[in-house]
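Engineer: Provided below are the primary sequence and the corresponding predicted coordinates.
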Amino acid sequence: MFEKSFITDCEGPLTLNDNAFEISAKFIEDGGELFRILSLYDDYLVDIVKKENYKAGNTLKLILPFFVVEKLTNSDFIDFSKNNIYAVSDSKFLLEYLKEAMNTYIVSTSYGQYIEAVSDYMEVPFENTFYTDVDIDSLQLNDEEIQKVKEFKKLILDNPDDYELFDDIFFGQIAKMGIYDKIKDIEVVGGQGKKLAIDKIIERDGIDIDEILYIGDSITDVEPLEFARKNNGISISFNGNEYPLKVAEIAVVSPSAVTTAVIANVYAENDKKKVLEFIEDYNISQDLEKLFDDYNIDEKIRNRFFSVFASDYPLIQTVTDENFEDILKVSKEMRNNIRGQDIGGLG
């Protein structure tokens, strides 16, 4: 075990995917729009209603009856996931460094079928990944229920802002179906679910709670970012929207994961204070190559950074009330540019 631990979300910091959105768009007619509407409803339940026992990322549960209507199987999930991994530039480079420098974990809201495909692709041990475990083959609807779910889909698409209607559909009518007993028991690894996954890592591997670098980009990362920051760790919003940016101490806006590797390298070799000093110096330096020499940045990381960024260097800043709106603007722009408007706009 290393002294420090790197824990990251998958979709955003490592890959450009939103796997559940993409499965929806591929296999359900108007499925992309359906997922987008349900994602906004999910944000509403978490951020506005603060629904009891409801976790950020539960869109992955809300969409399941619509997958069952289309007769999707675990094999469909696996095959699609293996053939549709779009990595953030230099994410494999980042993980190759991390495996030699820090304990490394992926904690993702995504379905396990996708995370297994990503762990194979990124060469991260699957036992060091945490994900939403769904056995789609075990979920069933009878003919009458299938017809009702088809009607629900049309109602949702026709009334995208009617959250009272959604409440009745998901917590009234679908809750009376046999499928609900299995869906309600699914533990979504999002928000508090990610924090619980970190608790498992701490207990299983004995990592230090004050030696964690956590990186995320969405509403499902709020709780683990808060945990890392509260315990004097490193909390980073990577091309994040407003949710992680409100709680993370550090913002990174970059098309390449090598920027994260720079921060991880400084942290692995030093402490949090040194990371914050580096960020301050980074923002006033007139000679970044000399700065990287002064901080003894790993040669491979240094060379890769300056081969990616000959100029127009990426944003690395500590987040304050004064710079929050400026960072949010460029962060969301980067998020949408590299992930696409449809995926980048999801919570």
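Structural biologist: Looks like it arrived, so ask away. Numbers count the residues shown, from 1 in each chain.
Engineer: got a list of what V88 touches?
Structural biologist: V88 makes contact with 12-16, 255-257, 338 under the criterion CB atoms under 8 Å, 6 or more residues apart in numbering. In this view, the C-beta of every residue, glycine as well, is placed from N, C-alpha and C.
Engineer: of those, grab the buried ones for PyMOL.
Structural biologist: Buried subset of the contacts of V88, written as a PyMOL selection, criterion 16 or more other CB atoms under 10 Å:
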select buried, resi 12+13+14+15+16+255+256+257+338
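Engineer: quick check, nearest of the contacts of V88 to D199?
Structural biologist: The closest of the contacts of V88 to D199 turns out to be P13 (CB to CB; 20.6 Å).
Engineer: and that closest one, how close does it get to V69?
Structural biologist: Distance of P13 to V69, given as CB to CB, to the nearest Å: 33 Å.
Engineer: quick revisit: in helices only, show me the contacts of V88.
Structural biologist: Residues of these located in helices (DSSP state H): I338.
Engineer: quick one: which of the contacts of V88 is nearest to D162?
Structural biologist: Among those, G12 lies closest to D162 (CB to CB), at 29.4 Å.
Engineer: shouldn't the closest one be in contact with N239?
Structural biologist: Yes - the pair G12 and N239 qualifies as a contact (CB atoms under 8 Å) at a distance of 6.6 Å.
Engineer: quick one, strands of the stretch 101-250 of the chain?
Structural biologist: Ranges of strands in the stretch 101-250 of the chain, per DSSP state E, counting those that start in this stretch, are 103-111, 129-132, 212-216, 234-238, 250-253.
Engineer: then the longest one to PDB, C-alphas only?
Structural biologist: As requested, C-alpha coordinates have been extracted for strand 103-111 and formatted as PDB (Å, rounded to 0.1, in the frame of the first residue of the first chain):
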ATOM      1  CA  ASN A 103      -3.400   3.500  -4.300                       C
ATOM      2  CA  THR A 104      -5.900   3.800  -7.200                       C
ATOM      3  CA  TYR A 105      -9.600   3.300  -7.300                       C
ATOM      4  CA  ILE A 106     -12.600   4.000  -9.600                       C
ATOM      5  CA  VAL A 107     -15.800   4.800  -7.800                       C
ATOM      6  CA  SER A 108     -18.600   5.300 -10.400                       C
ATOM      7  CA  THR A 109     -22.300   5.600 -10.600                       C
ATOM      8  CA  SER A 110     -22.200   3.600 -13.900                       C
ATOM      9  CA  TYR A 111     -23.500   0.100 -14.300                       C
END
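Engineer: count of residues packed around F152?
Structural biologist: 21 (other CB atoms under 10 Å).
Engineer: what's near enough to touch the closest residue to it other than its chain neighbours?
Structural biologist: Once flanking residues are discounted, F152 sits nearest to I169: 4.9 Å by CB to CB, 6 or more residues apart in numbering. By CB under 8 Å, 6+ apart, the residues touching I169 are 152, 155-156.
Engineer: now I169: how far from L14?
Structural biologist: Distance of I169 to L14, computed by CB to CB: 33 Å.
Engineer: equivalent analysis for F126, please.
Structural biologist: F126 is 15 Å from L14, by CB to CB.
Engineer: ok, and the closest non-adjacent residue to G191?
Structural biologist: Among residues not flanking G191 along the chain, A56 sits closest, at 3.3 Å (CB to CB, 6+ apart).
Engineer: quick one: V49 from Q192, how far?
Structural biologist: Plainly put, V49 is 15 Å away from Q192 if you go by CB to CB.
Engineer: sorry, that was for G172
Structural biologist: In this view, G172 and Q192 are 24 Å apart by CB to CB.
Engineer: those two - which one has more neighbours?
Structural biologist: More crowded of G172 and Q192, by other CB under 10 Å: Q192, with 19 against 11.
Engineer: that one and G57 touch, don't they?
Structural biologist: No - in this structure Q192 lies outside contact range of G57 using CB under 8 Å: 9.8 Å.
Engineer: what's F227 in contact with, if anything?
Structural biologist: Per CB under 8 Å, 6+ apart, neighbours of F227: 195, 198, 209, 212, 214, 233.
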